[in-house]
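Asks: Here is my input, please return the structure:
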Amino acid sequence: MRIHLSLAALLLSALTFTPIVNAAETRFPTASEIEVLPTDAKQTKIVLIAGTNTFKPGEHEYVAGCALLRDLLKQSPNVAPVLALDWPKKPETMAGAKSVVLLFDGGDKHGLLKDDRLAQIGKLAEQGVGLVALHQICDVPKDLGERVRGWIGGTFEKGHSNRAHWITEFKTFTTHPVSSGVTPFKIDDGYLFKLRFAADMKGVTPLLRTVSPKASSQELTDDAIVSWLYERPAGGRSFTFTGTHLHASYAEEGYRRFLVNGILWTAGVAIPAGGAPVGIDTADISKYLAPVVATTKK
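Replies: The predicted structure is shown next:
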């Protein structure tokens with residue numbers, strides 16, 4: 001039998017040297033890696049906020065996903081990604097950030113509903129800071145829909161929008177810097193779709209569309225949009241992808257480059273013609289997951 005350690009226990013182990021199976025190989029972030037701020041003010045700071053809630057192994061791996069994206073972002077010159085858990089504990093973590101990546105629970109458990117987080121994000125949006133909304137982040141209570149659409153361009157609305165899982169191979173991409181170097185990728189994902197967008201789609205650039213193979217119509221209408229860019233009227237960029245449900249999807253190079261390109265674009269970083277570097281040994285992708293300890297059945 002295998003027992004998944006709690007995040008708190010894992011972070012504590014980094015400080016107390018509690019033995020963990022495969023600890024030498026794990027890339028799951030330790031306490032010493034959290035909210036490590038750049039020392040060079042000229043670097044582009046990108047803050048990644050990962051929820052610590054757990055789900056099924058390999059699904060909703062917010063910490064593992066953000067840690068992996070952090071390491072991929074480090075491959076771009078003069079980019080300084082900073083990883084935070086649940087919400088930054090240091091007031092200086094958000095200061096000077098060019099973009100903030102959000103990956104945690106949405107809906108009734110939405111991380112932005114706690115404390116004054118909505119106000120903080122609203123202030124960043126007003127300042128023109130980039131925002132990246134992954135998976136469930138666009139799923140907000142209906143009464144907050146218009147407000148959040150002003151930040152990211154589209155939202156999931158209970159009673160109108162839908163969510164479901166299916167396998168999609170994305171083969172064609174919108175002509176945009178975010179698509180630079182993105183090769184076709186096939187993923188099994190849980191998408192949010194049939195969303196509410198900004199009026200007349202103003203400022204919205206659709207990036208990916210998909211429909212369930214079981215849908216009665218295979219037409220790729222605006223209801224099929226699952227990823228888009230948004231340029232706010234007063235300034236500031238946002239990138240949203242309602243996928244990222246499964247950690248295994250990072251094995252696809254095109255998928256990794258699509259996400260990293262999108263994040264960089266929101267931060268105002270020029271994307272190379274061939275796309276951002278996203279090199280990684282696919283065997284290392286699972287090492288970002290929380291380590292496990294082995295126990296013996298009695």
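Asks: can you give me the helices in the stretch 1-150 of the chain?
Replies: For the stretch 1-150 of the chain, helices defined by DSSP state H, counting those that start in this stretch occupy the ranges 7-16, 62-73, 117-126, 145-152.
Asks: C-terminal to the last one, what's the next element?
Replies: Secondary structure here is assigned by DSSP states H and E; on that basis, the next helix or strand after helix 145-152 toward the C-terminus is strand 154-155.
Asks: Run through who's touching that next one.
Replies: Strand 154-155 has contacts (Cβ atoms under 8 Å, 6 or more residues apart in numbering) with 138-140, 144-145, 148-149, 195-198, 204, 225, 228, 230, 240. The C-beta positions use only the backbone N, C-alpha and C, and glycine is treated the same way.
Asks: just the buried members of these?
Replies: Using 16 or more other Cβ atoms under 10 Å as the burial test, those include 138-140, 145, 148-149, 195-198, 204, 225, 228, 230, 240 as buried.
Asks: follow-up on the earlier one: among the contacts of strand 154-155, pick out the one closest to Val100, please.
Replies: When the contacts of strand 154-155 are ranked by distance to Val100 (Cβ to Cβ), Thr240 comes first, at 13.0 Å.
Asks: if we can go back for a sec, can you redo the helices of the stretch 1-150 of the chain as TSV with mean pLDDT?
Replies: Shown next, in TSV, are those (pLDDT from 0 to 100):
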stretch	mean pLDDT
helix 7-16	42
helix 62-73	97
helix 117-126	97
helix 145-152	98
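Asks: Dump those helices to TSV, plus distance to Thr172.
Replies: Below are these laid out as TSV (distance: least, Cβ to Cβ, whole Å):
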stretch	distance to Thr172
helix 7-16	39
helix 62-73	23
helix 117-126	31
helix 145-152	24
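Asks: hey, which of those is tucked in deepest?
Replies: When these are scored by mean count of other Cβ atoms under 10 Å, the highest mean neighbour count falls to helix 62-73 (a mean of 24).
Asks: Check the offset of it from the chain's centre.
Replies: 9 Å (Cα atoms, centre = their mean, to the nearest Å).
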